[in-house]
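Novice: Here's a sequence, model it:
(one chain, ligands or ions: 1)
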Amino acid sequence: MRAEPSPARSLDLSRESPVDACVSSARVRYGLALMSTDSPLLSKRWPWLTAAAVVLLVYLATLVEVGRLDPDDRPVGTSEDIAALRERDDLNVLFIVIDTLRAERLGAWGYERDTSPLLDRLASQGIRFDRHLSQSSWTKCSMASLWTGLYPARTGVTRFEQVLSPEAKLPAEILSEAGFRTAGLFRNGWVEGYFGFDQGFDVYTRPVGRPAAPNVRRQNPTIKEVGTDIDAVRASEEFLRIYGHERWFLYLHLMDVHEYLYDEDSARFGTNFSDIYDNAILHTNFILDQLYDHLGREGYLDHTLIVIASDHGEAFGERGIEGHARFVYRETTEVPLILSLPFKLEPGVVVDQRTANVDIWPTILDLLGLPAMQGVDGHSQRPSILAAARGEDPPVRDGPAYAHLDQNWGKRGSIEAPTVAVSDGDYRFVLTQEGGRGWRQELFDRRHGAAESDNLAEIESEIAARMRAVAEGYLESEPPWQGRVQDLEIDEIKLNQLRALGYQIP
Ligand SMILES: [Zn+2]
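Specialist: Next up is the predicted model:
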C-alpha cells in the first residue's frame, strides 16, 4: 500500500552529504566536553587526577580509533536472548543487500579464499542460513519476492515493465507503522521507486554517485554507472547523524560486486573474471568494515539487527553459462543470508535446512515481535533458529522452495518462457521452456555432487515426474492482488539507466 510522503519526514540523501563534518561525531562531542573549562572533570582540587583521567580517556579513544580495541562491544547472548528479542522496543534494523553475491564465494560457506572476513565474523557470531535460495536470478523479479514474501508467479513481477502492486503490504510499511524511521538507499535501477519498491519508505533514493577514487578499477565492460558503494555508506552515516536517535530501518542495496569493482587493497586473487569477482567481494567487505566501525563508534551495535542478503548469485561457465538473469540453476540462486544480532552468539547458530528469500521478512518481523505479513508464501524461520540455538531437531519445512525466471523478461511484447527450479530436500528439479521445442527437464541430487552437473531425470523418473507436477502447479499460481498488476511506460531515460547496468533491453 502506498502512502503519501509526509513533508516533515523528508531528507534528501541524493545530494552530497557533509560527511567530513560528521565523522565520528560522538568522539568529537566527547572531546569537546572534556576540554570545556566548565567540566567538573577539571577540578581545581584534584588537577593531577583530572589530568591523568584526561590522558587515559584520550589514550583509550586513540586505541579505538586505530582499531586496537574492538568497537564491537556487544554482550554475549543465548538462545533465550534470541527468544526475548520480541520483548525489546529499542532495536533498529539494518538490511544490506549485496547484489550478485554467490554464497559459496564466502569463507563462512567454506570458500578457500579469504574474501569476506567481516561477513564471516558476523556469521560466526550470529545466525547463518547454510542452504538459502533466492527466488530469481534477475534483480527486479528476485527483490519483488524478497520484499513481498511471495514467489515470482505470485508477485506478478517477472517482466521488465511490470510494477509491484500498490496493494502489496511491504515490510517498510509495517515498520513505518510500528514507529521506525525508514530509509532505502539503492544503487540498482531495478529497485527504483517507480517499480513500486518505495512503499513504506520515508526516504527512498539513490545516493549521489561521486567519482570513484583513482585506484578503483571497474572490470565489467558493460557497466556505465558512476559512483561506488562508498556513496551508500556515506549517505547511511548522514541518515544516522540526523535520525539515529529515533528507531530506524535502513535498507542498503550495494552494487560493487555486480560491477566487479575493486581497488589496490582488494586486488589479491588474480586477473580472470572469476578472480576479479572475488576481489570485488573483498572490496565490498572493506567498505562494510567502514560502516560497521561507524555503527560501533556511535554505539548502535547492541541495539541493531543487521541482515546480510543477496538477490542472486553469478555463474562462471558452469553448463556453458556466465553471469546471471538467464537461468535459475544453483550458481545463480544459492545466496547467503546472515543475521547479526545485538549480541554475540558463542558459538554462532547455523540453520542448515532449506530456506529462501521469501522467508526473510516473515522471520525478521517474527523475531522482533512485529505484525506478520498476511497471506505470504514464506515462513518465519524463528522456530528453526531457536531449535538450532538450543541444539534441538529442526522443524520440518513446509513444502518446497522455488526460483523462477521468465527468460523473455527483457523482450518487449514477447510471450512468457519460464524456467523454474523446485528445491526439495536434496533434490533440485529444473523445468525450462525452450522456445518452440517444448520443455527441458533436469533433476539434480546434491548427494551426487555439489556442482549438480548430472541430470538424473531419466534415471530417477518417478521423482522427476512428481517434481514436474509440483513445478507445473506452481506456474499456475496467481497474484493475490484484486486489481491487475500494472505495467510501467518506461521512457528512454529510464531504459538507458537500466541498460547502464549492463542488461540487454531492446
Ligand atoms: Zn541483482
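
Novice: Name the nearest residue to Val216, ignoring sequence neighbours.
Specialist: Residue nearest to Val216 in three dimensions, not counting chain neighbours: Asp263, with 4.8 Å by Cβ to Cβ, 6 or more residues apart in numbering. Every C-beta, even on glycine, is put in place using the N, C-alpha and C of the backbone.

Novice: looking at it, that neighbour is touching Asn215, isn't it?
Specialist: Yes: Asp263 is within contact range of Asn215, at 4.7 Å (criterion: Cβ atoms under 8 Å).

Novice: So the helix or strand hosting Ala144, near the ion or not?
Specialist: Using DSSP states H and E, Ala144 sits in helix 139-148. Yes: residues of helix 139-148 contacting the ion under Cβ under 5 Å from the ion: Thr139.

Novice: which strands and helices sit next to the next helix or strand after that helix?
Specialist: The first helix or strand that comes after helix 139-148 along the chain, using DSSP H and E, is helix 152-155. Packing contacts for helix 152-155, counted by 3 or more Cβ pairs under 8 Å, 6 or more residues apart in numbering; DSSP states H and E, involve helix 139-148, strand 401-406.

Novice: quick one, what contacts whatever residue of the stretch 51-200 of the chain ends up closest to the ion?
Specialist: Using Cβ to the ion, the closest approach of the stretch 51-200 of the chain to the ion is made by Thr139 at 3.2 Å. By Cβ atoms under 8 Å, 6 or more residues apart in numbering, the residues touching Thr139 are Asp99, Asn188, Trp190, Val191, Asp311, His312, Ala325.

Novice: now do Ile174
Specialist: Contacts of Ile174 (Cβ under 8 Å, 6+ apart): Gly200, Leu365, Leu370, Pro371, Met373.

Novice: where do the helices sit along the stretch 401-506 of the chain?
Specialist: Taking DSSP state H, counting those that start in this stretch as the test, the helices found in the stretch 401-506 of the chain are 461-475, 492-499.

Novice: can these go into JSON lines with extra columns for mean neighbour count, distance to the ion and mean pLDDT?
Specialist: Output for those, formatted as JSON lines (neighbours: other Cβ atoms under 10 Å; distance: least, Cβ to the ion, whole Å; pLDDT from 0 to 100):
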{"stretch": "helix 461-475", "mean neighbour count": "16", "distance to the ion": "22", "mean pLDDT": "98"}
{"stretch": "helix 492-499", "mean neighbour count": "14", "distance to the ion": "12", "mean pLDDT": "69"}
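
Novice: residues in the protein within reach of the ion, list them.
Specialist: Counting by Cβ under 5 Å from the ion, the chain sits next to the ion at Asp99, Thr139, Asp311.

Novice: quick one, domains of the chain?
Specialist: 79-399, 402-499 (automatic domain parsing).

Novice: Can you give me the end-to-end span of the last one?
Specialist: Its first and final residues considered, domain 402-499 spans 28 Å by Cα to Cα, to the nearest Å.

Novice: quick thing: my sequence starts at 3, can you match it?
Specialist: Done: numbering now begins at 3, and the last item shifts to domain 404-501.

Novice: Any idea how far it is from the middle of the chain?
Specialist: Mean C-alpha position of domain 404-501 versus that of the full chain (Cα atoms, centre = their mean, to the nearest Å) differs by 22 Å.

Novice: same deal with the first one?
Specialist: Using Cα atoms, centre = their mean, the mean C-alpha position of domain 81-401 is found 1 Å from that of the whole chain.

Novice: returning to that earlier point: give the rounded mean pLDDT of the helix holding Ala146.
Specialist: For helix 141-150, mean pLDDT is 98.

Novice: Just give me the lowest mean pLDDT stretch among the domains of the chain.
Specialist: Taking the mean pLDDT of the domains of the chain, domain 404-501 comes last: a mean of 91.

Novice: Spatially central residue for this structure, please.
Specialist: Taking Cα atoms, centre = their mean as the criterion, Val99 is the residue nearest the geometric centre of the chain, at 2.1 Å.

Novice: mind listing what it touches?
Specialist: Residues near Val99 by Cβ under 8 Å, 6+ apart: Met145, Leu148, Tyr253, Leu254, His255, Leu256, Ala311, Ser312, Asp313.

Novice: would it count as being in a strand?
Specialist: Yes: assessed by DSSP: H, G, I helix; E, B strand; the rest coil, Val99 belongs to a strand.

Novice: Hmm, Tyr253 is touching Gly186, no?
Specialist: Yes: with contact defined as Cβ under 8 Å, Tyr253 and Gly186 form a contacting pair (4.3 Å).

Novice: Now do the shared contacts for these two.
Specialist: Joint contacts of Tyr253 and Gly186 (Cβ under 8 Å, 6+ apart) are Ala174, Phe203.

Novice: Give me the distance between the residue nearest to Val218 and Arg88.
Specialist: As judged by Cβ to Cβ, to the nearest Å, Asp265 and Arg88 stand 42 Å apart.

Novice: So for these two, which residue has more residues nearby?
Specialist: Neighbours of Asp265 and Arg88, each counted by other Cβ atoms under 10 Å, are more numerous for Asp265; the result is 20 against 14.

Novice: Relative to Val99, how far out is Gly195?
Specialist: In terms of Cβ to Cβ, Gly195 sits 16 Å off from Val99.

Novice: just Pro73 next, same as before
Specialist: According to Cβ to Cβ, Pro73 stands 24 Å off from Val99.

Novice: ok, now Asn274?
Specialist: Asn274 is 26 Å from Val99, by Cβ to Cβ.

Novice: can you give me the strands in the stretch 253-402 of the chain?
Specialist: All strands of the stretch 253-402 of the chain, identified by DSSP state E, counting those that start in this stretch, fall at 263-264, 306-311, 317-318, 324-325, 339-342, 346-347, 351-358.

Novice: Also the stretch 53-202 of the chain?
Specialist: Under the criterion DSSP E, counting those that start in this stretch, the stretch 53-202 of the chain contains strands at 78-79, 94-100, 129-135, 183-188.

Novice: Pipe these into TSV and attach distance to Tyr404 per row.
Specialist: What follows is the strands of the stretch 53-202 of the chain, written out as TSV (distance: least, Cβ to Cβ, whole Å):
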stretch	distance to Tyr404
strand 78-79	34
strand 94-100	20
strand 129-135	8
strand 183-188	25
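
Novice: Those strands: which one's closest to Ala405?
Specialist: strand 129-135 (5.9 Å; Cβ to Cβ).

Novice: Which other helices and strands does that closest one contact?
Specialist: Contacts defined by 3+ Cβ pairs under 8 Å, 6+ apart place strand 129-135 against strand 339-342, strand 351-358.

Novice: That strand relative to strand 403-408, how many degrees between them?
Specialist: Comparing the axes of strand 129-135 and strand 403-408 via axes from the mean of the first three to the mean of the last three Cα atoms, to 10 degrees yields an angle of 50 degrees.

Novice: now strand 129-135 and strand 306-311, what's the angle there?
Specialist: Using the same axes, to 10 degrees: strand 129-135 against strand 306-311 is 30 degrees.

Novice: Between strand 351-358 and strand 129-135, find me the angle.
Specialist: 20 degrees.

Novice: ok, residues contacting strand 129-135?
Specialist: For strand 129-135, using Cβ under 8 Å, 6+ apart, the contacting residues are 105, 110-111, 335-341, 343, 347, 350-359, 383, 387, 390, 403, 405, 425.
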